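Peer 1: the sequence isn't on hand, but the structure is:
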């Protein structure tokens, strides 16, 4: 079924989404998460994104991330499960399900997500109407030495939905 948001959503801008990840928890961890969901859904698990090199090639920002005391290292079994469930639900939506203008912004050297498969999912969901832009850099585009092209494109994408 096509999603009709009744004009409440003017546009959708997606930046390096984890819809089709390259990095995932191990099979053993997935089994442990499944077991924890039954008896202890708040049990914490390491997330597979602790290597700051996955996020950026910018050394200054890597140092920033390494020293960030609020950086997420662990998540509950419930969060890991729901995140995976939402990704699966999104991938299973029918072709053309998204009617609003959609902008997809990807990082050319992303080591966290599978850009090509992500692009395919979004193209299918928008009936080939997505505005796809690929920027030089790793996963977190705003951490690039010159993020201005990304910020300009983000501003343009948000403006597409204005009436």
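Peer 2: Received, thanks. Everything quoted here is computed from the prediction, not taken from an experiment. Numbers count the residues shown, from 1 in each chain.
Peer 1: list the contacts of the lowest-mean-pLDDT helix or strand in the chain.
Peer 2: Considering only helices and strands, the least confidently modelled element of the chain by mean pLDDT, DSSP states H and E is helix 148-160, at a mean of 90. Applying C-beta atoms under 8 Å, 6 or more residues apart in numbering, the set of residues contacting helix 148-160 from outside is 11, 13, 15, 101, 103, 105, 131, 133, 135, 137, 141-142, 144. Bear in mind the C-beta positions are built from the backbone N, C-alpha and C, glycine included.
Peer 1: just the buried residues of the residues you listed.
Peer 2: If you count burial by 16 or more other C-beta atoms under 10 Å, the buried members of those come out as 13, 15, 101, 103, 105, 131, 133, 135, 137, 141, 144.
Peer 1: so what does residue 22 look like in phi/psi?
Peer 2: According to degrees, to the nearest 10, the main-chain angles of residue 22 amount to phi -90, psi -30.
Peer 1: which pLDDT value does the model give the residue nearest to it when sequence neighbours are not counted?
Peer 2: Leaving aside its sequence neighbours, residue 22 sits nearest to residue 114 (C-beta to C-beta, 6 or more residues apart in numbering; 5.2 Å). Residue 114 is assigned 96 on the pLDDT scale.
Peer 1: quick check: residue 114 touching residue 20?
Peer 2: Yes. Proximity of residue 114 to residue 20 meets the contact threshold set by C-beta atoms under 8 Å, at 4.5 Å.
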